[in-house]
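J.: Provided below for reference: sequence and predicted model.
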Amino acid sequence: MSPEGAQLEFLELIDELEQLVLESRRLPVGGNLVVDRRRLLDLIDQLRLAIPADLKQARQILEARQQIIDSAHQSARRTMERAELERARMLDEHAVTRAAEERAQQLLMDAEARARQIVAEADATAAAHLSEAAEATRQELENLNRYTREVLGRVERLLTQLLGSVQENLEQLDRESN
């Protein structure tokens, strides 16, 4: 059934439900209605069956999207925690200059901002494409994963560069003290 057909069927069933309420007898006290229970339950069953498959798929897609976003958050958090631990260890062990500490802090702040931006972009992308078919949503989720991996790869490369810079500073200090 086409989405327009499913929508029309759904609307017709709502009209039938409304008609059932309008045709029901009103009790003399309290204004309550006597409704044909069997007919009401039948209409509810028909409504359930008329819910478009796209809505059911959209719910599954939203759940999968949330799992991917949660995983990306956890991965980014673990990477940032490891970077912070490594930075602290290097500063304690080697008494690196203040400029290196500020650079590491800026890298961490940039990584956090970028991670927030990635999540915001992922949310916006998922919301914009929710009404599309499941295949289009699956492709967007794959793109999000790839993008997150790229960002985390960049964070890793930046941290590797920082480590190289720290090692160069240490070597320079060693050369100057000899």
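T.: Perfect, I can see it now.

J.: can you point me to the longest helix in the chain?
T.: Counting residues, the longest helix found in the chain (DSSP state H) is helix 134-177.

J.: packing partners of that one?
T.: helix 53-94, helix 98-128 (3 or more Cβ pairs under 8 Å, 6 or more residues apart in numbering; DSSP states H and E). To be clear about C-beta, it is placed using only N, CA and C from the backbone, and glycine gets the same treatment.

J.: among those helices, which comes closest to Gln167?
T.: Proximity to Gln167 (Cβ to Cβ) singles out helix 53-94 among these, at 8.9 Å.

J.: helices or strands up against the closest one?
T.: Checked by 3+ Cβ pairs under 8 Å, 6+ apart, helix 53-94 has helix 98-128, helix 134-177 packed alongside it.

J.: quick one, what contacts the residue nearest the centre of the chain?
T.: The centroid of the chain falls nearest to Ile69 when counting by Cα atoms, centre = their mean (3.7 Å). Ile69 makes contact with Val119, Ala122, Asp123, Leu144, according to Cβ atoms under 8 Å, 6 or more residues apart in numbering.

J.: pick the one among those closest to Val29.
T.: Asp123 (52.0 Å).

J.: returning to that earlier point: distance to Gln139 and mean pLDDT added to the helices and strands packed on helix 134-177, as CSV?
T.: Compiled in CSV, the helices and strands packed on helix 134-177 are given as follows (distance: least, Cβ to Cβ, whole Å; pLDDT from 0 to 100):
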stretch, distance to Gln139, mean pLDDT
helix 53-94, 11, 82
helix 98-128, 11, 80
